[in-house]
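Q: structure for the following, please:
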Amino acid sequence: MTAGNLFCGFVALTKIVEADLAKGYDDIRTALLFILLACIFDLLDGRVARMGGVESPFGREFDSLADVVSFGVAPAFLVHRIVLRDVFATHPEYGWFISSIYLLCGAFRLARFNCLAAMAGGGGGKEFLGFPIPAAAGLVSSLTLLMIHINEKEFATGKLSYALPVVLILLSIMMVSSVKYPTFKSLDLRSTRTFTRTILGAIFIGSIVILREKILYFVLPVLFTVYLIYGFIRPRMSRKIIQEIEEEDEDGAQPPTL
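A: Modelled structure (predicted):
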């Protein structure tokens, strides 16, 4: 799974290099799909390791190396290739600098994750410290895919594409922030008590596959954006839930009997 992640990152970079924007965005679209496919591989590799009981420091380090390529280098190079190179045509060093910020912050986040996981003696717990770099790459890729789908002919000259560098900087800050995000490691794929949820999930995935031209381009950016925002509202939700539980305990408390 991790090797598949790294392979997808390499193919994405190859397609970005080979892209001739004067002829269209077919290669760029293919590169974006490979980055999203790398996200799927990255989502599965940890679960497969945990289900098989074969988690190891080697796997964690290999996964981080693959993530740097697929979710660090590829998205940064992508935004530079399709937006920043033209915006800063007279001063290309500015475009390099903006793209490198994302890559450096992503590498820093992965290094911090590995250190925290090693100190904890496991896989890093049930929370991510900072926005995960696969989710950041997924947001950049899905958002770019949506923009190209909406207006491919005027993407290069339209102002809408200028949002990508802004998103890149925002994600760079979020990756090295102290905002916590759930890892969803507690979700058990082998559970037999979620039959209804499994059916609904299968229907949802099937709908996306069948209506991919109309739904897929919009669903993915929304999902990644919701996950990004969830990190901010989650602490408030947790405090509210804890407060409600405490209030229920106080209301339902009975005096001790002799």
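Q: tell me the mean pLDDT for the strand or helix carrying Met237?
A: Assigned by DSSP states H and E, Met237 belongs to helix 212-252. Across helix 212-252, the average pLDDT comes to 72.
Q: start the count at 48 instead of 1 going forward.
A: Okay, residue one is now 48; in that scheme the one you just asked about reads as helix 259-299.
Q: please enumerate the helices of the stretch 98-247 of the chain.
A: Assigned helices in the stretch 98-247 of the chain, in chain order: 104-114, 121-126, 132-134, 139-167, 180-197, 210-222, 242-257 (criterion: DSSP state H, counting those that start in this stretch).
Q: Ala165: what's its closest spatial neighbour, skipping adjacent residues?
A: Pro104 (7.1 Å; C-beta to C-beta, 6 or more residues apart in numbering). C-beta: built from backbone N, CA, C; applies to glycine.
Q: swap that for Val120, sorry
A: Leu150 (6.2 Å).
Q: likewise for Leu131?
A: Gly142 (3.4 Å).
Q: okay, now the unreliable bits of the stretch 48-197 of the chain?
A: Filtered on pLDDT under 70, the stretch 48-197 of the chain yields the residue ranges 96-97, 99-101, 168-172.
Q: and for the residue nearest to Ala165, the neighbour number?
A: 10 (other C-beta atoms under 10 Å).
Q: tell me the contacts of the residue nearest to Val120?
A: 115, 119-120, 123 (C-beta atoms under 8 Å, 6 or more residues apart in numbering).
Q: would you mind measuring from it to Asp89?
A: As judged by C-beta to C-beta, to the nearest Å, Leu150 and Asp89 stand 17 Å apart.
Q: how about residues contacting stretch 82-102?
A: With C-beta under 8 Å, 6+ apart, stretch 82-102 has contacts from 48-49, 51-53, 55-56, 59, 103, 106, 110, 113-114, 117-118, 121-122, 125, 169-170, 181-182, 184-185, 188-189, 192, 232, 236-237, 267.
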